[in-house]
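# here is a sequence with its predicted model. Questions after.
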Amino acid sequence: MYWEDTDAGGVVYHAQYVAFLERARTEWLRSRGIGQRALADAHDVVFAVRSMQLDFLAPARLDDALEAKVEVADVGRASLVIDQRIERPADGKLLLKAQVKLACLAAGTFRPRAIPDFLLPVLHPAADK
């Protein structure tokens, strides 16, 4: 972790975890060959956070290396539920658990739309196994 991520005591500020989770979801999609800009431009699809539940279990501190994990829990017609974890690999400590509900929206109108068929195999929970 960097100074910019911490409070005056060197503990990671709670709001930073939301940014870490977002970056992890973006990188998870990239690792599956899905760029969010291309998804919006070529397929008129964006995913927006509908709700997020965070469970802070232990603090991260300045200079900790963290690992954010992403696992699809459920795929609906126009939504996804993602389970995420942030861990400190040095000691295997689980620091945060999150459940993130995402809505699939048309990029041009921000109205709900079905998840395109070509994405379903990539997003399906079995793809992570």
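Structure's in. What do you need? Residues are numbered from 1 along each chain as shown.

# from here on, just use CA atoms for contacts and neighbour counts.
OK.

# where's the residue lying closest to Ala68 once chain neighbours are set aside relative to Val12, distance?
With Cα to Cα, 6 or more residues apart in numbering as the criterion, Ala68 has its nearest non-adjacent residue at 4.4 Å, and that residue is Ile86. Going from Ile86 to Val12 by Cα to Cα, to the nearest Å gives 12 Å.

# show me where this structure has helices.
For the chain, the helices defined by DSSP state H cover 16-31, 36-43, 120-123.

# other SSEs contacting the shortest one?
Think helix 120-123. strand 67-75 (3 or more Cα pairs under 8 Å, 6 or more residues apart in numbering; DSSP states H and E).

# got the CA positions of the strand it packs on in PDB?
The C-alpha coordinates for strand 67-75 follow below in PDB (Å, rounded to 0.1, in the frame of the first residue of the first chain):
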ATOM      1  CA  GLU A  67      -4.400  -9.400  -3.500                       C
ATOM      2  CA  ALA A  68      -8.000  -8.800  -4.700                       C
ATOM      3  CA  LYS A  69      -9.900 -11.900  -5.900                       C
ATOM      4  CA  VAL A  70     -13.000 -12.000  -8.000                       C
ATOM      5  CA  GLU A  71     -15.500 -14.900  -8.300                       C
ATOM      6  CA  VAL A  72     -18.800 -14.900 -10.100                       C
ATOM      7  CA  ALA A  73     -21.600 -16.100  -7.700                       C
ATOM      8  CA  ASP A  74     -24.600 -15.700 -10.000                       C
ATOM      9  CA  VAL A  75     -25.400 -14.600 -13.500                       C
END
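
# tell me which strands it pairs with, and in which orientation.
Paired strands of strand 67-75, with direction, are strand 79-88 (antiparallel) (DSSP bridges).

# in the partner strand, what counts as buried?
Using 16 or more other Cα atoms under 10 Å as the test for burial, strand 79-88 gives 79-88.

# so which of the helices of the chain comes closest to Lys101?
helix 16-31 (11.9 Å; Cα to Cα).

# give me the angle between that closest one and helix 36-43.
60 degrees (axes from the mean of the first three to the mean of the last three Cα atoms, to 10 degrees).
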